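Participant: A predicted structure for the sequence below; I have some questions about it.
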Amino acid sequence: MKTIFIVEDEVIISIFIKMYLEKNGFIVLGTSTNGNQAVDIISREKPDIAIIDVTLKGEINGIDVANKIYELYHPKIIFVTGLEEHALRSVKIEYSYLRKPFDNIHLLKVLQD
């Protein structure tokens with residue numbers, strides 16, 4: 001069973017993702033709306049997959065979160081963004097992404113890739 005952590009500052013989107021993933025047999029270890037908090041929790045829990053919003057509010061954005069946790073270990077990173085893919089050009093780690101708005105089929109597909 002794959003474990004997942006969700007970093008998303010839009011609470012309704014986070015709840016939607018969490019409920020859908022749990023309904024489909026994934027274990028969601030938790031969620032966070034804050035990048036620094038997410039890094040702390042993810043570094044302790046070490047989920048298989050981190051679903052991270054690129055444009056988090058606060059001190060660090062989603063790309064910073066991904067880079068920090070990827071230094072510690074190499075989880076699968078899935079960025080969720082309303083931006084075009086070229087906005088992720090500065091990312092230096094392996095990742096997948098979902099463009100908002102996305103549907104359940106695309107979410108499951110990117111998890112299985």
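Facilitator: Here it is on my side, so go on. Residues are numbered from 1 along each chain as shown.

Participant: From now on I want contacts and neighbour counts done on CA atoms only, so please keep to that.
Facilitator: Fine.

Participant: quick one, strands of this structure?
Facilitator: 3-7, 27-32, 49-53, 76-81, 96-99 (DSSP state E).

Participant: Direction included, what does the helix or strand of the chain with the lowest mean pLDDT pair against?
Facilitator: Lowest on mean pLDDT, DSSP states H and E among the helices and strands of the chain sits strand 96-99, with a mean of 86. Counting by DSSP bridges, the strands paired with strand 96-99 are strand 76-81 (parallel).

Participant: So which bits of the least confident helix or strand of the chain are buried?
Facilitator: Under the neighbour-count criterion of 16 or more other Cα atoms under 10 Å, strand 96-99 has 97-98 buried.

Participant: Output it as PDB - backbone C-alpha positions only.
Facilitator: The C-alpha coordinates for strand 96-99 follow below in PDB (Å, rounded to 0.1, in the frame of the first residue of the first chain):
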ATOM      1  CA  SER A  96       5.300  14.400 -12.200                       C
ATOM      2  CA  TYR A  97       2.700  17.100 -12.200                       C
ATOM      3  CA  LEU A  98      -1.100  17.700 -12.400                       C
ATOM      4  CA  ARG A  99      -2.500  20.900 -13.800                       C
END
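
Participant: what separates it from the chain centre, distance-wise?
Facilitator: 9 Å (Cα atoms, centre = their mean, to the nearest Å).

Participant: now swap in stretch 38-48 and tell me
Facilitator: On Cα atoms, centre = their mean, the centre of stretch 38-48 falls 11 Å from the chain's centre.

Participant: Would you mind putting the CA coordinates of that stretch into PDB?
Facilitator: Extracted as PDB, the C-alpha positions of stretch 38-48 are listed here (Å, rounded to 0.1, in the frame of the first residue of the first chain):
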ATOM      1  CA  ALA A  38       5.300  19.900   5.600                       C
ATOM      2  CA  VAL A  39       9.100  19.400   5.400                       C
ATOM      3  CA  ASP A  40       9.200  18.600   9.200                       C
ATOM      4  CA  ILE A  41       6.400  16.000   8.900                       C
ATOM      5  CA  ILE A  42       7.500  14.500   5.600                       C
ATOM      6  CA  SER A  43      11.100  14.100   6.900                       C
ATOM      7  CA  ARG A  44       9.700  12.100   9.900                       C
ATOM      8  CA  GLU A  45       7.000  10.100   8.200                       C
ATOM      9  CA  LYS A  46       8.800   9.400   4.800                       C
ATOM     10  CA  PRO A  47       5.700   8.800   2.600                       C
ATOM     11  CA  ASP A  48       6.200   7.000  -0.700                       C
END
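
Participant: Thank you, goodbye.
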